[in-house]
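[1] Sequence and predicted structure below; questions after.
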Amino acid sequence: MTEITAPKSPVTVAEFTEGIREQLKYGQGVTPEQATPADVYVASSLVVRHYLQDAWFKTQQDMVNGNTKAVGYFSAEFLIGKQLRNALLNAGMLDQFDAAVEGLGFDPQDVVDSEYEPALGNGGLGRLAACYVDSLASLGVPAFGYGIQYRYGIFRQEFDDQGRQVERPEYWLANEEPWGHVDYNRSQKVSFGGEVVEEDGKKVWKPAWSVRAVPVDYMVPGYKSGRVDTLRLWSARSYDEFDLLTFNKSEYLDAVKPKVEAENISKILYPEDSTPQGKRLRLEQQYFFTAASIQDVIRVFYPGQSDPDLTTLPDKITFQLNDTHPVIGIPELMRVLIDEYGYDWNTAWDITTKTFNYTCHTLLPEALEVWPADLIGELLPRHLEIINEINDHFLEELKGKTRDKDKIERMRIVTNEENPKVRMAYLATAGGSHVNGVAELHSQLLKDVTLRDFSDLYPDKFSNVTNGVTPRRFIRLANPRLSALITEGLGTDKWLSDLDLLQGLEPLAKDDEFVKKFAAVKQANKEDFAAYAKREFGFDLDPNTMFNSMIKRLHEYKRQSLKILALIAKYADIKSGKVSVDDVLPRTVIFGAKSAPGYYLAKMTIQLINNVARVVNNDPDIKGKLHVYYPWNYNVRLAQHLIPATELDEQISQAGKEASGTGNMKFALNGALTVGTLDGANVEIRERVGAENFFLFGMTVDEVDALYAQGYHPAVYYERDPRLKAAIDMVADGTFSNGDRNTYAPLVADWLTKDWFMTLADFTAYCDIQSDIEALYRDPLEWNRKALLNVARTGYFSSDRAIQDYLDNIWHTGPLA
Ligand code: 26Q
């Protein structure tokens with residue numbers, strides 16, 4: 001890892017205070033006495049931006065003038081979380097901020113709490129993108145994150161009086177937002193529709209309409225690197241503010257219609273995180289941000305040049321495609337090179353394939369994006385021609401590589417059927433240099449299953465980069481107590497930019513005094529979380545119970561059902577007297593999850609969890625031994641509060657379905673033990689922390705495959721394990737629906753007849769491992785020793801390491817000199 005030198009503290013408390021006063025006066029127009037915490041938040045943020053400005057300029061200048069290849073990370077989602085504290089930390093101004101704000105009579109916590117979280121992502125993929133730009137900047141690598149500034153982020157989740165999810169619009173821009181700098185003077189034109197005509201033997205696209213893509217720039221300050229990268233999120237604006245012709249006919253509403261339609265493009269983030277539907281607006285979004293970004297790259301790297309030598313593009317920047325969402329960028333770059341700059345096909349293809357790389361984040365076949373060719377043709381007629389031509393060239397190339405005609409047929413980018421479809425994952429694989437999965441198991445399955453034909457013929461394209469998470473936000477900011485203890489244990493805080501140093505904690509796991517300090521940190525974090533949950537949700541958590549969390553999107557494959565069924569089984573055992581309540585280990589189970597609005601079974605699972613919580617929490621027979629809480633609207637902020645307080649973390653997806661997971665990494669790094677299957681990055685976490693420090697259960701990928709092949713009959717498991725039968729019967733008999741047997745009937749029917757992700761088959765193993773978990777928990781010293789070893793041994797899961805892997809194996813670039 002490159003040596004990172006700490007910059008001198010750039011600002012004094014007096015300067016920070018003066019900066020806030022100035023901003024309050026000239027920006028907010030209030031005196032410090034009139035100011036609210038929200039005013040101070042805006043003012044402080046602008047002060048931080050002000051102090052980062054020079055480093056930002058310098059990073060951009062060095063990027064353009066130097067000869068270090070930059071990285072363009074293309075992602076439809078950047079789930080960045082709150083900015084202020086993170087920027088303060090990375091810029092080395094945390095203490096000055098606290099002192100300045102206190103000096104002005106404000107509580108720093110109130111000030112940072114005033115920030116509204118930008119929720120511009122669904123989950124793992126979007127948060128990963130945010131961790132990656134943080135690491136790029138921290139490693140000093142010149143980089144752009146390119147995406148969309150959605151007006152409405154992922155919906156705000158509420159629960160109705162029946163415990164059902166209700167989606168509310170998340171208008172995160174309702175208040176002043178000091179981080180995004182809207183740069184009207186660097187806007188780009190993005191066009192759609194129309195037709196392709198031939199002029200002088202050349203194809204010319206005559207689009208029907210255009211939108212103006214306005215960049216909104218977010219600074220991405222590196223941690224102690226002195227570098228500030230850029231997250232450029234595009235916002236769609238109309239060129240036709242006012243259609244005069246229509247207006248003269250006094251059809252006022254029609255006059256603003258083009259404006260409304262254009263601006264719709266960046267209006268809302270689609271809340272589906274799998275099973276994408278071929279929605280026109282979604283394709284418009286994808287093209288909108290990739291096209292704007294490609295033009296922007298040419299503007300930045302070839303300033304003022306009317307005839308740039310774009311054969312040098314792959315030396316200037318490398319593009320990483322975060323899943324298939326930006327893959328339309330491949331034919332777009334081809335179009336720009338051929339139609340706008342006059343390159344021949346082969347030269348353009350050479351430039352394009354050298355510039356793009358693709359990361360796949362899924363294995364679920366239904367999650368692979370496929371677009372109807374018709375739709376592409378309507379919106380982007382020239383791109384459809386180019387895609388067809390790519391397909392033709394590709395099929396030719398394949399003929400030189402294999403005689404297996406079936407294989408060639410299977411590999412078509414554009415399917416051969418009445419209504420042809422474009423397979424975006426195939427286009428990405430053919431149109432780039434590297435394809436990677438996000439954990440070892442996932443990358444292996446990509447090669448063996450999902451993209452098998454491709455890996456047969458292009459084995460060198462495939463690699464793995466196991467995901468990582470940023471220790472700045474998810475340890476230092478989220479868990480200041482643990483951070484202080486780590487620094488005490490290691491005698492340095494260098495671990496924040498070199499997380500492998502956590503290994504130095506290993507010997508301290510033998511030191512009972514240190515383990516007790518570690519346990520005290522966890523206990524204090526639990527008390528903090530209990531207070532937070534009381535304040536924010538009105539919950540009464542008992543910090544003297546085990547805190548057991550499951551936070552992630554609600555999805556059948558992730559198997560929240562397994563968790564809730566096991567809990568119901570426990571409840572049923574107590575109710576029936578099989579288990580004496582006095583022998584039950586006190587546990588608080590905390591769920592956090594949003595469901596896609598149209599995902600019927602997932603939404604029913606949410607309703608079930610909420611009603612199990614209602615019944616169990618209020619049942620005097622349970623004597624407070626079991627509690628279930630479901631804080632609504634799980635987001636980055638809640639994660640930052642809950643993860644440090646969690647003792648047991650659930651990673652219980654069906655083997656072979658969770659590509660990686662990143663929550664698993666955040667929990668291990670914060671000293672939770674994991675109960676999990678051999679899936680995604682769990683495999684690597686377990687390898688590193690040691691089998692004895694991880695609660696493994698459930699079928700393996702091979703066992704899952706074998707069971708599918710043999711024919712899976714979930715009812716067999718229902719009959720076989722009386723605990724499972726009791727739990728499902730309890731759901732069916734109306735215990736959690738005020739006696740109504742219909743409420744959960746579809747869920748029960750699915751479990752007993754389909755159960756596609758084999759929840760029932762893994763139920764017994766899952767229940768059985770609970771006794772190991774509880775036995776260990778009854779020995780706090782041993783529990784905490786293992787938890788500490790989890791921290792000591794998971795430094796590998798830093799996003800700095802992941803980015804270093806990308807730099808070494810995929811991007812072949814590094815920090816600015
Ligand atoms: C696509 C088309 C149309 C509408 C929506 C989408 C869409 C949006 C988001 C599809 C997928 C997503 C998000 C996927 C995601 O978050 N995947 C997760 O990525 C993580 C980072 O690699 C992994 O750790 C998780 O295992 C994986 O589920």
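    Received, thanks.

[2] so residue 730 makes contact with residue 736?
    Yes: counting by CB atoms under 8 Å, residue 730 touches residue 736, with 7.4 Å between them. In short, each C-beta sits where N, CA and C put it, glycine included.

[3] what residues does the stretch 251-400 of the chain put near the ligand?
    Proximity of the stretch 251-400 of the chain to the ligand (CB under 6 Å from any ligand atom) is limited to residues 270, 272, 273, 274, 276, 282, 325, 361, 369.

[4] Export the residues you listed to CSV and append columns for pLDDT and secondary structure.
    Formatted as CSV, those follow (pLDDT from 0 to 100; DSSP: H, G, I helix; E, B strand; the rest coil):
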residue, pLDDT, secondary structure
270, 96, coil
272, 88, coil
273, 81, coil
274, 75, coil
276, 68, coil
282, 96, helix
325, 97, coil
361, 97, coil
369, 94, coil
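
[5] longest helix of this protein?
    helix 37-65 (DSSP state H).

[6] Could you give the average pLDDT over that one?
    Averaging pLDDT along helix 37-65 yields 97.

[7] Which strands and helices lie in contact with it?
    Under the contact criterion of 3 or more CB pairs under 8 Å, 6 or more residues apart in numbering; DSSP states H and E, helix 37-65 touches helix 13-22, helix 84-91, helix 94-103, helix 108-113, strand 209-221, strand 228-237, helix 280-301.

[8] How about the helix or strand following the fourth one and the ligand, touching?
    In this case it means helix 108-113. Downstream of helix 108-113, the first helix or strand assigned by DSSP states H and E is helix 124-138. Yes: using CB under 6 Å from any ligand atom, we find that helix 124-138 touches the ligand at 124, 125, 128.

[9] got a winner among the residues you listed for most neighbours?
    Within these, residue 128 tops the neighbour count with 28 neighbours, counted by other CB atoms under 10 Å.

[10] my read: that residue touches residue 661, true?
    No: look at residue 128 against residue 661 with CB under 8 Å: they stay out of range, at 10.5 Å.

[11] Mutual contacts of those two, please.
    Residues touching both residue 128 and residue 661 (CB atoms under 8 Å, 6 or more residues apart in numbering) are residue 467.

[12] Contact partners for residue 325?
    By CB under 8 Å, 6+ apart, the neighbours of residue 325 are 75, 76, 77, 286, 369.

[13] should've said residue 318
    Residues counted as contacts of residue 318 (CB under 8 Å, 6+ apart) are 69, 70, 71, 72, 355, 357, 810, 811, 812, 813.

[14] Looking at the residues you listed, which one is closest to residue 583?
    If you rank the contacts of residue 318 by distance to residue 583 using CB to CB, residue 810 comes first, at 53.2 Å.

[15] Surely the closest one is within a helix?
    Yes: membership of residue 810 in a helix is supported by DSSP: H, G, I helix; E, B strand; the rest coil.

[16] Give me the neighbour count for the residue nearest to it when sequence neighbours are not counted.
    Nearest residue to residue 810, sequence neighbours excluded (CB to CB, 6 or more residues apart in numbering): residue 434, at 4.7 Å. For residue 434, the neighbour count with other CB under 10 Å is 20.

[17] Same check on residue 121?
    27.

[18] Then residue 677?
    Count around residue 677 with other CB under 10 Å applied: 27.

[19] That one and residue 699 touch, don't they?
    Yes: counting by CB under 8 Å, residue 677 touches residue 699, with 7.5 Å between them.

[20] Confirm that residue 166 sits in a strand.
    Yes: membership of residue 166 in a strand is supported by three-state DSSP.

[21] Now render the helices and strands packed on helix 37-65 as a markdown table, adding mean neighbour count.
    A markdown table is the format used below for the helices and strands packed on helix 37-65 (neighbours: other CB atoms under 10 Å):
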| stretch | mean neighbour count |
| --- | --- |
| helix 13-22 | 18 |
| helix 84-91 | 23 |
| helix 94-103 | 19 |
| helix 108-113 | 19 |
| strand 209-221 | 22 |
| strand 228-237 | 24 |
| helix 280-301 | 21 |
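
[22] right, so of those, which gets closest to residue 790?
    The minimum distance between residue 790 and those falls on helix 84-91, with 23.6 Å, by CB to CB.

[23] From the chain's centroid, how far away is that closest one?
    Mean-position distance between helix 84-91 and its chain equals 20 Å (CA atoms, centre = their mean, to the nearest Å).

[24] other SSEs contacting that helix?
    The contact analysis (3+ CB pairs under 8 Å, 6+ apart) places helix 84-91 against helix 37-65, helix 94-103, helix 108-113, helix 124-138, strand 209-221.

[25] Name the surrounding residues that touch it.
    With contacts defined as CB under 8 Å, 6+ apart, helix 84-91 is touched by 10, 41, 44-45, 48-49, 51-52, 94, 97, 111-112, 115, 134, 137-138, 179, 219, 221-224, 472-473, 476-477.

[26] near the ligand, which residues of the stretch 101-250 of the chain show up?
    Counting by CB under 6 Å from any ligand atom, the residues of the stretch 101-250 of the chain near the ligand are 122, 123, 124, 125, 128.

[27] Now the helix or strand hosting residue 784: buried residues?
    Secondary structure from DSSP H and E places residue 784 in helix 780-792. Buried positions in helix 780-792, judged by neighbour count with 16 or more other CB atoms under 10 Å: 783, 784, 785, 786, 787, 788, 789, 790, 791, 792.
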